[in-house]
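*Asks:* curious how this folds, go ahead:
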Amino acid sequence: MKAAVYYETGAPSVFRYEEIADPLYNDGEILIKVEAISIEGGDTLNRLGGEMSQSPHVVGYQCAGTIVGVGALVNVFKVGDRVVSLGMDGSHAELRVGYPQFTWAIPDGLATDVAACIPTAYGTAHDALFEFGRLQQGETALIHAGASGTGIAGIQLAKRAGARVIATASSDERLERLKPFGLDEPINYTQCDFVDRVRELTGGRGADVIIDSVGGITQQASLRAMAYRGRMVSFGNAGRDGAQLLDVSTIGQNNQSLTGYFLGAELFGAPRAHEMISKLIGEVARGELQVVIDQRFPLSDAELAHSFIEQRRAFGRVVLVP
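*Replies:* Numbering: from 1, shown residues only. Prediction:
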């Protein structure tokens, strides 16, 4: 099979488009012919400096396609089913081994490339807002990186729940494009201090729930943007600031909480998270939620696609097509 591989971590230029051996699957696994790859934030971070399980390494969490092989112990899928699947690596290729507990059927009528973009972004946003952030109707949600896949998902989900939605982005143009998805209050963080602006918009109170995929100095500042009994959920390091020591001395006196989140850990546990993502896929299929795909690149152009994301030019998802 063809795959976008690398032999060392680093900039997008480390990618090579090569022929490598087809992956082998066991009795409890499935083999997927990949038709669309959603590039996740973790993919770019892993390529930049993450662990390599083998050399050459195939990076990538999430993809969708058609099942071409089913292990003897698998009874929930069959050859020919269209599915979207998550895994720790291996998505940037023509074939990918999948695990039933991290795989979902694609409903009839839902485009494969759209389905490829749902589990991580929408599952993370939903859990961050509701399972861990406990967002309630009438509260205020602050969503960082509003123009990202998770940001666009979070804006829709928070607005649908009856929250007031504030989001940050790097340009007025991107913020304007977010308004049809439910954005109430835009903040261009390149033109103002977002903490001051959140306080101003909430009459000094702050945001009840903050979901943060940026990390680093943004995470530290966000602690000052929380309301009394506010909840912040952190699940990424898109800002690439590296490890930061957080001063959390203010959260105790304000009865606030800071929670780390990783979707994969939830999927390893009870079936709740799998069922939640299945429901979200159905809602996208019915048009109740929208997925935005900004650009589609051939898999052979993985370097260009990753560069496009790292230049912060994307609005929504970037997809690779084998």
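*Asks:* tell me the contacts of Y189?
*Replies:* Residues in contact with Y189, defined by Cβ atoms under 8 Å, 6 or more residues apart in numbering, are 168-170. Quick note: C-beta positions are derived from backbone N, CA and C, even for glycine.
*Asks:* V319 looks like it's in a strand, true?
*Replies:* Yes: under DSSP: H, G, I helix; E, B strand; the rest coil, V319 sits within a strand.
*Asks:* who's in contact with it?
*Replies:* V319 sits next to 36-39, 113, 116-117, 293, 295-297 when contact means Cβ under 8 Å, 6+ apart.
*Asks:* how about CSV for these, with distance to V68 added?
*Replies:* Formatted as CSV, those follow (distance: Cβ to Cβ, whole Å):
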residue, distance to V68
A36, 15
I37, 16
S38, 20
I39, 23
D113, 18
A116, 17
C117, 22
I293, 24
Q295, 27
R296, 22
F297, 23
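*Asks:* filter these down to the buried ones and hand me the ChimeraX line.
*Replies:* Per 16 or more other Cβ atoms under 10 Å, the buried members of the contacts of V319 correspond to this ChimeraX selection:
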select :36,37,38,39,113,116,117,293,295,297
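*Asks:* can you list the domain ranges for the protein.
*Replies:* In terms of domains, the chain is parsed into 2-117+291-321, 120-264 (source: automatic domain parsing).
*Asks:* please tabulate those domains in JSON lines, including the columns mean pLDDT and distance to A270.
*Replies:* Output for those, formatted as JSON lines (pLDDT from 0 to 100; distance: least, Cβ to Cβ, whole Å):
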{"stretch": "domain 2-117+291-321", "mean pLDDT": "97", "distance to A270": "11"}
{"stretch": "domain 120-264", "mean pLDDT": "94", "distance to A270": "12"}
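*Asks:* export these to a markdown table and append columns for distance to A285.
*Replies:* What follows is the domains of the chain, written out as a markdown table (distance: least, Cβ to Cβ, whole Å):
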| stretch | distance to A285 |
| --- | --- |
| domain 2-117+291-321 | 4 |
| domain 120-264 | 12 |
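*Asks:* E283: which of those domains is closest?
*Replies:* Across the domains of the chain, E283 has its closest neighbour in domain 120-264 (8.5 Å, Cβ to Cβ).
*Asks:* next, the distance between the ends of the closest one.
*Replies:* Using Cα to Cα, to the nearest Å, the end-to-end distance of domain 120-264 comes out at 9 Å.
*Asks:* would you map the helices across this structure?
*Replies:* 41-49, 112-115, 119-126, 149-160, 172-178, 194-201, 216-222, 263-268, 272-285, 302-310 (DSSP state H).
*Asks:* out of those helices, the one nearest V233 is which?
*Replies:* Counting by Cβ to Cβ, V233 lies closest to helix 119-126 out of the helices of the chain; the figure is 9.1 Å.
*Asks:* so which bits of that closest one are buried?
*Replies:* Under 16+ other Cβ under 10 Å, the buried positions of helix 119-126 are 119-126.
*Asks:* my read: A64 touches A111, true?
*Replies:* No: if you go by Cβ atoms under 8 Å, A64 and A111 don't touch, sitting 9.2 Å apart.
*Asks:* looking at the two, which is more packed in?
*Replies:* For A64 and A111, the more surrounded residue by other Cβ atoms under 10 Å is A64, and the numbers stand at 30 against 17.
*Asks:* which residues sit in contact with the more buried one?
*Replies:* By Cβ under 8 Å, 6+ apart, the contact set of A64 is 32, 34-36, 38, 82-85, 106, 112-113, 115-116.
*Asks:* and for S234?
*Replies:* Applying Cβ under 8 Å, 6+ apart, the residues contacting S234 are 212, 215, 219, 258-261.
*Asks:* leaving out the residues flanking it, which one is nearest to it?
*Replies:* Closest residue to S234 apart from its sequence neighbours, by Cβ to Cβ, 6 or more residues apart in numbering: D212 at 4.8 Å.
*Asks:* and that neighbour, how far is that from Q311?
*Replies:* 21 Å (Cβ to Cβ, to the nearest Å).
*Asks:* neighbour count: these two, which is higher?
*Replies:* Using other Cβ under 10 Å as the criterion, D212 and Q311 rank with D212 on top: 26 against 8.
*Asks:* so the more buried one touches G236, yeah?
*Replies:* Yes: checked against Cβ under 8 Å, the pair D212 and G236 is within contact range at 7.4 Å.
*Asks:* what's the closest of the domains of the chain to A273?
*Replies:* Nearest of those to A273, taken as Cβ to Cβ: domain 120-264 at 6.7 Å.
*Asks:* pull the distance from that closest one to the chain's centre.
*Replies:* Domain 120-264 has its C-alpha centroid displaced from the chain centroid by 14 Å (Cα atoms, centre = their mean, to the nearest Å).
*Asks:* any of the contacts of A64 buried? List them.
*Replies:* Buried members of the contacts of A64, counted by 16+ other Cβ under 10 Å: 32, 34-36, 38, 82-85, 106, 112-113, 115-116.
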